[in-house]
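Participant: okay, sequence plus prediction incoming.
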Amino acid sequence: MAENGRTFRVNSTAWDRRLSVRVDGKGLIGHAGAALLRKCADQTGLTGALGAVFARLGAAPVWDRGVVLIQLAVAITLGATSMRQIVLLAHQEALFGAPPSDSTVRRSLEPVGEGERLRIWIARARARVRRHVWTLIAQREAGFPWLQVAGKVLTGWIVVDIDATLITAHSPKEGAAATFKKTWGFHPLGAWCANTQESLAMLLRKGSAGSNTVADHLEVLAAAIEQIPARWRAKLLIRIDGAGATHDLLERLEKLNTTRRTVRFTVGWTITEVDEAAIAALPKMAWEAALR
């Protein structure tokens, strides 16, 4: 059972002061592990950084917008699929206080959707916090988590995976459309760091967005690299499925190589029986050695 020894405003990041854990079975709190997510965001500076971004808008709402966004992220982790389900945090009211209302969440998100400048500020804040967190990770006894591929540890390499995903919509929501797989919903394109399993960048797209739209891939690629702290950008491995097989994207990846940065990439897909049959039909003279 987690007990808060003092009462703080729900907007505050000081909710965990004098926090203690008891095992007497009284005053139990559901999903108590959510406290670790909130505490991580607060202590790494993410909550404060997001709050400072919204403060630049000049408004002084009752709710700290950074707290609202972090609370929403915690609720999503607990299974929330809509703003109204922010009430899931009512299970932690003894810890965090009463959760924000769905209207408060909506008002917090509205400026994000309307202003590109705000999204840039948020991205910069996330990058600053990530730099701090990665520094702490590297200071662990185990060091920074380098990826192992084909039995070889890629020491010094940051591996970025870029891929799109289909999200089904059960009603005609804004931006929902028929997808290339004959479903209905959205088709966001994202980038993840395989080393730390973090989402680096996400481009929200309509369901009708193409699977290999090169402009979208270039935008997500640039945003993902901006999120990687400069100290870790010297060696990058970018992995994309067949949707990345466009000339403009591959040429951009080649141009990312400089005297201070090495960029390698892989673009491909799972070989099927159809592919195997097509390859087998090629004459031997059509092949050329790729590795020397």
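Facilitator: Received, thanks.
Participant: contacting residues around Leu136?
Facilitator: Applying C-beta atoms under 8 Å, 6 or more residues apart in numbering to Leu136 gives the contacts Thr44. C-betas here are computed from N, CA, C, even on glycine.
Participant: buried ones in the helix or strand that contains it?
Facilitator: Take DSSP states H and E as the rule and Leu136 turns out to sit in helix 116-138. Going by neighbour count (16 or more other C-beta atoms under 10 Å), the buried part of helix 116-138 is Leu118, Trp121, Ile122, Ala123, Ala125, Arg126, Ala127, Val129, Arg130, Val133, Trp134.
Participant: now the helices for the stretch 151-292 of the chain?
Facilitator: 214-227, 247-255, 273-280 (DSSP state H, counting those that start in this stretch).
Participant: which of those has the highest mean neighbour count?
Facilitator: helix 214-227 (a mean of 18; mean count of other C-beta atoms under 10 Å).
Participant: the strands in the stretch 51-200 of the chain, which residues?
Facilitator: 148-149, 152-153, 158-164, 167-168, 177-178, 184-186, 189-193, 198-203 (DSSP state E, counting those that start in this stretch).
Participant: what bridges to Ala263?
Facilitator: You called it Ala, but residue 263 is Val. Leu236 (DSSP bridges).
Participant: in this structure it contacts Leu250, no?
Facilitator: No: the pair Val263 / Leu250 is not scored as a contact, 11.1 Å apart, by C-beta atoms under 8 Å.
Participant: just the pLDDT for Arg239.
Facilitator: The per-residue pLDDT reported for Arg239 equals 96.
Participant: now do the same contact list for it.
Facilitator: Val159, Val160, Asp161, Ile162, Ala194, Phe265, Thr266.
Participant: go on, Leu109?
Facilitator: When contacts are taken as C-beta under 8 Å, 6+ apart, Leu109 is in contact with Met83.
Participant: that older thread, can you list the helices of the stretch 151-292 of the chain in CSV and add mean pLDDT and distance to Pro61?
Facilitator: Formatted as CSV, those follow (pLDDT from 0 to 100; distance: least, C-beta to C-beta, whole Å):
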stretch, mean pLDDT, distance to Pro61
helix 214-227, 97, 27
helix 247-255, 95, 41
helix 273-280, 92, 55
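Participant: got the ones you listed as TSV, with distance to Glu141 columns?
Facilitator: As requested, those are exported to TSV (distance: least, C-beta to C-beta, whole Å):
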stretch	distance to Glu141
helix 214-227	26
helix 247-255	35
helix 273-280	45
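Participant: so which of these is nearest Ala290?
Facilitator: Closest approach to Ala290 among the helices of the stretch 151-292 of the chain (C-beta to C-beta): helix 273-280, 13.7 Å.
Participant: and that closest one, C-alpha only, in CSV?
Facilitator: Written as CSV, here are the backbone C-alpha positions of helix 273-280 (Å, rounded to 0.1, in the frame of the first residue of the first chain):
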residue,chain,number,x,y,z
GLU,A,273,7.4,-18.0,-51.4
VAL,A,274,6.4,-15.6,-54.2
ASP,A,275,9.7,-13.8,-53.8
GLU,A,276,11.6,-17.0,-53.8
ALA,A,277,9.9,-18.1,-57.0
ALA,A,278,10.7,-14.8,-58.7
ILE,A,279,14.3,-15.0,-57.7
ALA,A,280,14.7,-18.5,-58.9
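Participant: and the spatially most central residue of the chain, what pLDDT?
Facilitator: Using C-alpha atoms, centre = their mean, the residue of the chain that lies closest to the mean C-alpha position is Ser199, 2.4 Å off. At Ser199, the pLDDT value in this model is 95.
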